[in-house]
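Chemist: starting from these lines, generate the structure:
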Amino acid sequence: MAVLTAQLARPTLGGIDNPHLSAALDAFAWAIPGESETKRSPGDSALSTHWPVEANGRAIAGQRMRAFVDDWYDRIHISPAQLDLGNVVSTQTTAVSLWNAYREPRTLLGVSGLDEGIELSGQLAAPLTFTALQERIWQVAVTPDGAPVLDTTLAWTFDNGATAELRITANRIIAWSFAPDWADGVLERLTWATDILQSESGVEQRRAIRLAPRREFEAMLYVEGRERQLLDLALFGWGSRTWALPVWPDIQLLDQPVALGATRIACTTAGLDFAVGRLALLRGESAFVCEAVEVAAIDAGGIDLARPTQQAWPAGARLYPAR
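Modeler: Take a look at the predicted model:
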């Protein structure tokens, strides 16, 4: 059980119990107003006051108590404060809002931490003035270009030294969009690793070294023209990094088109390699037209996506589970 240190704030009513006043009013400062100058003495002369009146004064030690205003105002608010994008296989765009909770104008001096593959849009370049209590919204886009592992912090710096920080973490993945040549088939290979311990009496004990078998796909590819150039450049630039590989035997063609910004794909899921938190790959007629999406939920009628699609897909487009 947590122990909280606190103190009782003394009311300003001098202990008077008034049932017509809310208990919340005890925290407000009270002042006794003087006579209005519109009130006159019997001789129609203005009343004269002699404030302040002091008699046997004494110093009272006190401190200012925190209030609701201290939790919200006189600072810069950012929402969200962290983006965990997981596997980034296509450009991911997120709206980030900054609220100037100061009750006076503030000037944005600049934004730091913009690494390769991070783009900001939606507002003018710094320096940029925020009026009192103004909110502005940026679009933060993370592309697959850049370091394979992304862990950076964007910082908005203001003229009074205040900063608002946004931490971004992601793993960049490139989709393998090249289709196999089914004339020679696709070979799927599963490899287990087992250790066999034998005692002097000849009794054996077997134990699995891997939690799951290693899974490999082997296929012949037929590419030509611009696709051949794309394959050469992709292998040269991303050869040793992480790829999103479609599970080719589980291919299906879309029965219904998928609109731009859709968060669900109607498809068959029974017996296929779809899994929550993993990827799926949409592919058109060429390797240049593809999109990887993250699976958020699965049911008998299709898959729900963690983020909207970045382009529209017609009926007949190819859909694969991906690893």
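
Chemist: use CA for all of it now, contacts and neighbours both
Modeler: Fine.

Chemist: just the helices in this protein please.
Modeler: 68-72, 226-238 (DSSP state H).

Chemist: how far off centre is the longest one?
Modeler: Shown here is helix 226-238, whose average C-alpha point lies 32 Å from the average C-alpha point of the whole chain (CA atoms, centre = their mean, to the nearest Å).

Chemist: geometric centre of the chain: which residue is closest?
Modeler: Closest to where the C-alpha atoms of the chain average out (CA atoms, centre = their mean) is L83, at 2.9 Å.

Chemist: now do the same contact list for it.
Modeler: L166, R167, I168, T169 (CA atoms under 8 Å, 6 or more residues apart in numbering).

Chemist: picking that back up, redo the helices of the chain as CSV? Include distance to I196, mean neighbour count and mean pLDDT.
Modeler: Converted to CSV, the helices of the chain look like this (distance: least, CA to CA, whole Å; neighbours: other CA atoms under 10 Å; pLDDT from 0 to 100):
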stretch, distance to I196, mean neighbour count, mean pLDDT
helix 68-72, 63, 9, 84
helix 226-238, 39, 13, 89
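
Chemist: turn these into CSV, including distance to W156.
Modeler: Shown next, in CSV, are the helices of the chain (distance: least, CA to CA, whole Å):
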stretch, distance to W156
helix 68-72, 18
helix 226-238, 32
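
Chemist: so for N87, which of those sits nearest?
Modeler: N87 lies closest, by CA to CA, to one member of the helices of the chain: helix 226-238, at 15.3 Å.

Chemist: just the contacts of L83: which are in strands?
Modeler: Assigned to strands by DSSP state E, the following of those qualify: L166, R167, I168, T169.

Chemist: quick one, what contacts the nearest residue to the last one once chain neighbours are set aside?
Modeler: When you say that, I think you mean T169. Of all residues not flanking T169 in the chain, D151 sits nearest, at 4.5 Å (CA to CA, 6 or more residues apart in numbering). Neighbouring residues of D151 by CA under 8 Å, 6+ apart: R167, I168, T169, A170.

Chemist: and for T169?
Modeler: By CA under 8 Å, 6+ apart, the neighbours of T169 are L83, D84, L85, G86, V149, L150, D151, T152.

Chemist: what about F178, distance to S240?
Modeler: Going from F178 to S240 by CA to CA, to the nearest Å gives 17 Å.

Chemist: which of the two has more residues huddled nearby?
Modeler: Higher neighbour count among F178 and S240: F178, with 20 against 8, using other CA atoms under 10 Å.

Chemist: quick check: closest non-adjacent residue to the more buried one.
Modeler: Excluding its sequence neighbours, the residue lying closest to F178 (CA to CA, 6+ apart) is A287, at 5.4 Å.

Chemist: likewise for Q311?
Modeler: Using CA to CA, 6+ apart, the closest residue to Q311 is L260 (4.7 Å).

Chemist: would you mind confirming that the one you found makes contact with R307?
Modeler: No. Taking contacts as CA atoms under 8 Å, L260 lies outside contact range of R307: 11.4 Å.

Chemist: comparing these two, which residue is more hemmed in?
Modeler: Higher neighbour count among L260 and R307: R307, with 17 against 12, using other CA under 10 Å.

Chemist: how about the more buried one, what does it touch?
Modeler: Counted by CA under 8 Å, 6+ apart, R307 has contacts T263, V293, E294.

Chemist: among the contacts of D151, name the buried ones.
Modeler: Neighbour counting with 16 or more other CA atoms under 10 Å marks I168, T169, A170 as buried within the contacts of D151.

Chemist: now do stretch 132-139: distance to the chain's middle.
Modeler: In terms of CA atoms, centre = their mean, the centre of stretch 132-139 is set 18 Å apart from its chain centre.
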